[in-house]
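**Student:** Generate a structure from the sequence data that follows.
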Amino acid sequence: MITTDMHFREAWLMKRRSGIGASEAAAVLGISKWMSSERLWEIKTGKAEADDLSSSPIVQYGVQCEPHIRELFKLDYPGYDVSHEEYKIIRNPEYPFIFATLDGEIRHDNKHGVLEIKTVQPRNRIVWEDWNERVPQQYFVQILHQLLATGYEFAILRAYLKRSKGGASIRDYKFERTNYHKEIEYLKNELAKFWGYIERDERPPLKLPPL
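**Tutor:** Sure thing, here's the model as predicted:
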């Protein structure tokens, strides 16, 4: 028997095909570690199927951790009003193909913000250094996309960095929209250009990640 939750997930997956989500923005710019811009175009135009990673142990671990990390965030920030709707899709009103599904929505000091949760298992020193007083580039782009889709005024990324020998480090990174107007505008233009290729069924030039 198919559960109600599975029905919601299937509907959510169908809606995702009608636009570009925040987790796909890095691929559009050619800086994703997991997907090329060409592969994303093939998926969006129906020429390829997206990989189903839902059964991956790492993905499962992150899914199971998320609600607990969100509740811990609420405890750490009692002055913040944090809400969450599992399959809610928020679209940019001017560019509806730009959308985001959030790990949480924050209200604080009459401002509306994004909560993004990352569960990461760094394998080496280089990966750990990527999180020193910054976030990896593909996650930064994801935050910019979420601000663009929602129009919200700030975002907080909470990273749960699991240590290989046990234990974890929790780090919070805050982003004020007013500090990233140029970056958000650049991303909007790149997303619009990429979506044009999808609508025309025209293969875009491949964007390669920087060396």
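**Student:** low-confidence ranges in the chain?
**Tutor:** The model of the chain has pLDDT under 70 over residues 1-17, 209-211.
**Student:** So which residues of it form strands?
**Tutor:** 81-83, 90-91, 99-100, 104-108, 111-120, 154-162, 168-176 (DSSP state E).
**Student:** which other helices and strands contact the second one?
**Tutor:** It refers to strand 90-91. Secondary-structure packing of strand 90-91 (3 or more Cβ pairs under 8 Å, 6 or more residues apart in numbering; DSSP states H and E): strand 99-100, helix 137-150. Where C-beta positions appear, they are placed from N, C-alpha and C, glycine not excepted.
**Student:** which residues are in contact with it?
**Tutor:** With contact meaning Cβ atoms under 8 Å, 6 or more residues apart in numbering, strand 90-91 is reached by 19, 97-102, 149-150.
**Student:** Check the last one too.
**Tutor:** Contacting residues not belonging to strand 168-176 are listed as 69, 72, 131, 134-135, 143, 147, 153-163 [Cβ under 8 Å, 6+ apart].
**Student:** What of the fourth one?
**Tutor:** Under the contact criterion Cβ under 8 Å, 6+ apart, strand 104-108 has outside partners 70, 73, 77, 79-84, 112-117, 152, 154, 156.
**Student:** Make a ChimeraX selection of the buried ones in those residues.
**Tutor:** Restricted to buried positions by 16 or more other Cβ atoms under 10 Å, the ChimeraX selection for those reads:
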select :70,73,77,80,82,113,114,115,116,117,152,154,156
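**Student:** distance of His145 from Leu187?
**Tutor:** Separation of His145 from Leu187 (Cβ to Cβ, to the nearest Å) stands at 6 Å.
**Student:** Show me whatever sits in contact with both of those two.
**Tutor:** What both His145 and Leu187 touch, as defined by Cβ under 8 Å, 6+ apart, is the set Ala25.
**Student:** Those two: which is more packed in?
**Tutor:** Set His145 next to Leu187 and count neighbours by other Cβ atoms under 10 Å: His145 wins out with 28 against 20.
**Student:** List the beta-bridge partners for Ala155.
**Tutor:** Val114, Phe175 (DSSP bridges).
**Student:** check contacts around it.
**Tutor:** Contacts of Ala155 by Cβ under 8 Å, 6+ apart are 113-116, 143, 146-147, 174-175, 177.
**Student:** picking that back up, quick one: buried ones out of the contacts of strand 168-176?
**Tutor:** 69, 131, 135, 143, 147, 153-162.
**Student:** nearest to Ile89, of these?
**Tutor:** Taking Cβ to Cβ as the measure, Ile89 sits nearest to Leu147 out of those, at 15.7 Å.
**Student:** CA atoms only for stretch 169-180, dumped as PDB, please.
**Tutor:** Extracted C-alpha coordinates of stretch 169-180, given in PDB (Å, rounded to 0.1, in the frame of the first residue of the first chain):
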ATOM      1  CA  SER A 169      31.000  19.600  15.000                       C
ATOM      2  CA  ILE A 170      28.100  22.000  14.500                       C
ATOM      3  CA  ARG A 171      28.700  25.300  12.700                       C
ATOM      4  CA  ASP A 172      26.300  28.100  11.700                       C
ATOM      5  CA  TYR A 173      26.900  30.500   8.900                       C
ATOM      6  CA  LYS A 174      24.600  33.500   8.300                       C
ATOM      7  CA  PHE A 175      24.100  35.300   5.000                       C
ATOM      8  CA  GLU A 176      22.400  38.700   4.700                       C
ATOM      9  CA  ARG A 177      20.700  39.200   1.400                       C
ATOM     10  CA  THR A 178      21.900  42.900   1.200                       C
ATOM     11  CA  ASN A 179      25.500  41.700   1.000                       C
ATOM     12  CA  TYR A 180      25.000  39.600  -2.100                       C
END
